[in-house]
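K.L.:
A predicted structure for the sequence below; I have some questions about it.
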Amino acid sequence: MKVDFRFVKSLLVLLLLGVSQLSYAHQMRVFAYVEGADVIGETYFAGGGKVVNATIELVRDDAVVATVASDSEGSFTFQNVEADSYQIKADGGQGHLASFDIDSSEFPFAEPGNEPSGVAVTSAHQVQTESKSTCNQQSSADLQRAITNAIRPLRTQLEQYEAQTRFRDIAGGIGFIFGFFGLFVLVTRKKA
């Protein structure tokens, strides 16, 4: 019996395509946001499962600033984080890695030295200006907190939507396989 190597090659290609889809289904994701001086986030797999006990690192300028572990819901919190740009690296074990970047602009203005410079202090109106400045800082912090609270569910929902394997993705993969099989049958029938 003679083995048709074209058939074996075709089968190998189809097998590799199927395996690549399985590896995507186990892709780990991490999502985080700033709330006040805390960085709060969650880890999950693209299929929707939560990553429990993942090692989460808060990295600034290639140096690890803090490390925590995700809880039973895949959530984690870094408390009292200094306003700066960070990268969050998550390691779920067995090669499951993910990262997420947080820009310094996501931190509220309430941090000392982080407030916007808009009002110049003069000696004649120093008390009044300081009072307005403190009020403006507090209002800015409250506004930032309100915006963060309003946007957080949307960002979470969008990130989870992008990570889900949807029915159309599965149907497209199956259609792709049937299409290759159809081409294979067509080529082998013409030669016979």
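P.N.:
Structure's in. What do you need? Only a predicted model underlies this, so the values are computations on that prediction, with no experimental measurement involved.
K.L.:
residue 176 belongs to a strand?
P.N.:
No. Assessed with DSSP: H, G, I helix; E, B strand; the rest coil, residue 176 is helix; it does not lie in a strand.
K.L.:
which is the next helix or strand following the helix or strand bottoming out on mean pLDDT in the chain?
P.N.:
Of all the helices and strands that make up the chain, helix 5-25 has the lowest average by mean pLDDT, DSSP states H and E, namely a mean of 59. Sequence-wise, the next helix or strand downstream of helix 5-25 (DSSP states H and E) is strand 28-35.
K.L.:
ok, the closest residue in space to residue 104 that isn't next to it in sequence - how many residues close by?
P.N.:
Taking CB to CB, 6 or more residues apart in numbering, and ignoring the residues beside it in sequence, residue 104 has residue 85 as its nearest neighbour in space, at 4.7 Å. Every residue, glycine included, has its C-beta placed from N, CA and C. A count of nearby residues for residue 85, using other CB atoms under 10 Å, gives 13.
K.L.:
residue 85 touches residue 100, doesn't it?
P.N.:
No. Contact criterion CB atoms under 8 Å: residue 85 and residue 100 do not qualify, at 12.0 Å.
K.L.:
dump stretch 58-73 to PDB, keeping only the CA atoms.
P.N.:
Provided in PDB are the C-alpha atoms of stretch 58-73 (Å, rounded to 0.1, in the frame of the first residue of the first chain):
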ATOM      1  CA  LEU A  58       3.500  45.900  39.600                       C
ATOM      2  CA  VAL A  59       6.400  47.000  37.500                       C
ATOM      3  CA  ARG A  60       7.900  50.500  37.000                       C
ATOM      4  CA  ASP A  61      10.900  51.100  34.800                       C
ATOM      5  CA  ASP A  62      11.600  47.400  34.600                       C
ATOM      6  CA  ALA A  63      11.800  47.100  38.500                       C
ATOM      7  CA  VAL A  64       9.200  45.200  40.500                       C
ATOM      8  CA  VAL A  65       7.500  47.600  42.900                       C
ATOM      9  CA  ALA A  66       5.000  45.200  44.600                       C
ATOM     10  CA  THR A  67       3.800  41.700  44.200                       C
ATOM     11  CA  VAL A  68       0.400  40.200  45.200                       C
ATOM     12  CA  ALA A  69      -1.600  37.100  44.400                       C
ATOM     13  CA  SER A  70      -5.100  37.000  42.800                       C
ATOM     14  CA  ASP A  71      -7.900  35.800  45.000                       C
ATOM     15  CA  SER A  72     -10.600  33.100  44.300                       C
ATOM     16  CA  GLU A  73     -12.400  35.500  42.000                       C
END
